[in-house]
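Chemist: Only the shape, not the letters, is given here:
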């Protein structure tokens with residue numbers, strides 16, 4: 001595999017964030033629920049800035065897309081940035097199921113990269 005193709009694969013933390021997006025669902029995949037899900041799974045606090053960095057890398061690699069949601073009164077009219085996975089994740093999960101048979105294309109890896117339980 002060329003170095004360029006390897007650099008486009010998700011890191012263990014990026015993998016956890018991809019599964020967190022899948023777990024919380026597209027309508028709820030914004031910073032607060034993602035941080036809560038990552039803490040639940042890993043047992044560790046992840047800084048919001050670190051999550052934004054990972055989400056930015058995942059967008060650059062083509063695994064996620066984002067858009068601004070509708071303004072909400074509880075946020076003072078501010079809009080949430082919602083994240084969703086795209087077709088590249090489906091291909092990655094299919095390849096992953098060959099490389100790591102315990103990870104199924106239909107669901108998250110049973111053993112997250114940083115410990116914890118899905």
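Modeler: Good, I have the coordinates. Here the structure is a predicted model, which means the values were calculated and not measured.
Chemist: Following the chain past the worst-scoring helix or strand of the chain on mean pLDDT, name the next helix or strand.
Modeler: Lowest by mean pLDDT, DSSP states H and E among the helices and strands of the chain is helix 3-7, with a mean of 53. On the C-terminal side of helix 3-7, the nearest following helix or strand under DSSP states H and E is helix 12-24.
Chemist: From the contact counts, what lies against that following helix?
Modeler: With contacts defined as 3 or more C-beta pairs under 8 Å, 6 or more residues apart in numbering; DSSP states H and E, helix 12-24 has these neighbours: helix 31-42, helix 48-61, strand 79-85. Glycine gets a C-beta too; all of them are placed from N, C-alpha and C.
Chemist: can you list those in CSV and add distance to residue 73 and mean neighbour count?
Modeler: Below are the helices and strands packed on helix 12-24 laid out as CSV (distance: least, C-beta to C-beta, whole Å; neighbours: other C-beta atoms under 10 Å):
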stretch, distance to residue 73, mean neighbour count
helix 31-42, 16, 17
helix 48-61, 22, 15
strand 79-85, 12, 18
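Chemist: Next, name the residue at the spatial heart of the chain.
Modeler: residue 18 (2.1 Å; C-alpha atoms, centre = their mean).
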